[in-house]
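Asker: Any chance you could fold what I've pasted below:
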Amino acid sequence: MEFIILVITDFYQCCSIPVKAISYELDEIYKIGYNEYLEEIFPLNDISSLINNCDSVVNSHFEISNNLHYKVVNISKLDKYKGFFVLGPICSEKTSENVHNIPHRTVECLNYISNLILNISEDKIDKNMNNKCFNPYIKKAIEYVHKNYENDITITSICQHLNINKSYFCSIFKNDTGQTFSYFLNHFRVEKSKKLLQGTDLSLLDIAISVGFNNQNYYSMVFKKFTNKTPSQYRASNYVEKRNELQENY
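Answerer: Numbers count the residues shown, from 1 in each chain. Predicted coordinates:
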C-alpha cells in the first residue's frame, strides 16, 4: 500500500493527471485527482472485460467518448493479479464544455504517461533494493552485479564467488528481495541497456553484449518481457518523444 501511494503521488505531481490503483478484483486501493464527475463516468465494466480476456500484461487504451480517454496498465509487469494503475481520463480536445477541469492532453500522451508511471514504479523498487537491510550475502551479490553485470554471471558463479550453497542463496535472495536472482540480474541489465538505446547508436548486438547478454535474440526477448516493447521499438519511441519535445520547445 505505501509503495503504491508513493508511486501514484510522484506520478500525479509530475503530470497532474487523475490516477488510481485498483486490485485485480476491482477494489479501489488509492487515488488522486478524482472528483465526483470523474467517479461517475469511470467505466469499471470495460476494465472487468479487459481483465477477463487478458492472460498476462495489460497496457490498454480506452475511449469513454470522442473526447475522453484513459489507460490501464499493470502494477506489476509480471503478475496481473497485483492490480492495475488507471491513468486518466484526459480530454483530447480543448473545448468550452470541459466544465469538470479534466486535464487536456493529446491521445499520444497516454503512451508516454503509461511509461512514466512504470518508470517511477521501477525507480522506487530499485531505491528500495538499495536501501533495504539485506542479509550480508544478498548485499554482496547485489554489489557484485552492479560492478560486473557486463560479464557472464550465473547463479552457480555467484554462489562460488560468495562461497554459499546454491539452494540456500536462492531461498534467501527471494525472501529478502521478493525476486529471484535471475529476475534481478535481467532487470538490472535491461535498465542499463535502456541508457545505451537512448544515448548511443550502438547496434542491438553490441548493446546486448555490453550489458551481459551473449545472445541478441535472448536480450530482445527479455527486454520485451520487462518493457512490453522490443529494444528497437523502445529506441524508436524514445526518438519520437525527444523529437516532439524539441518541436514543443521551438
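Asker: drop to CA atoms for contacts and neighbour counts, all remaining ones
Answerer: Fine.
Asker: Count the residues that sit near the residue lying closest to residue 76 once chain neighbours are set aside.
Answerer: In space, and not counting its chain neighbours, residue 76 is closest to residue 82: 6.1 Å by CA to CA, 6 or more residues apart in numbering. Neighbour count for residue 82, taken as other CA atoms under 10 Å: 14.
Asker: how much space is there between residue 82 and residue 114?
Answerer: Per CA to CA, to the nearest Å, residue 82 is found 17 Å from residue 114.
Asker: Then residue 179?
Answerer: Taking CA to CA as the measure, residue 179 falls 23 Å from residue 114.
Asker: now residue 140
Answerer: 34 Å.
Asker: Settle it for me: which of these two has more neighbours?
Answerer: Set side by side, residue 140 and residue 114 show more neighbours around residue 114, with 21 against 15, by other CA under 10 Å.
Asker: who touches that one in this structure?
Answerer: 59, 71, 73, 87 (CA atoms under 8 Å, 6 or more residues apart in numbering).
Asker: Hmm, residue 215 is touching residue 209, no?
Answerer: Yes. Using CA atoms under 8 Å, residue 215 is in contact with residue 209, at 7.4 Å.
Asker: Any regions of the chain where pLDDT drops low?
Answerer: Filtered on pLDDT under 70, the chain yields the residue ranges 1, 42-46, 49-58, 77-81, 95-99, 125-133, 239-250.
Asker: mind giving me the domain ranges of it?
Answerer: Split into domains by automatic domain parsing, the chain comes to 2-122, 132-241.
Asker: Can you get me the start-to-end distance on the first one?
Answerer: Looking at domain 2-122, the gap from its leading to its trailing residue is 15 Å under the measure CA to CA.
Asker: Tell me where the protein has helices.
Answerer: 2-15, 36-41, 44-52, 109-131, 136-148, 155-162, 166-177, 181-199, 204-210, 216-227, 231-249 (DSSP state H).
Asker: Out of those, the one nearest residue 103 is which?
Answerer: Minimum separation from residue 103 across the helices of the chain (CA to CA) falls at helix 2-15, 9.3 Å.
Asker: Pull out the buried positions in the closest one.
Answerer: Buried residues in helix 2-15, counted by 16 or more other CA atoms under 10 Å: 4, 5, 7, 8, 9, 10, 11, 12.
Asker: Check stretch 172-185 too.
Answerer: Buried residues in stretch 172-185 (16+ other CA under 10 Å): 172, 173, 177, 181, 184, 185.
Asker: quick one: contacts of it?
Answerer: By CA under 8 Å, 6+ apart, stretch 172-185 touches 129, 134, 135, 138, 145, 149, 155, 170.
Asker: of residue 215 and residue 209, who's got more company?
Answerer: Taking other CA under 10 Å, residue 215 and residue 209 do not tie; residue 209 has more neighbours (17 against 11).
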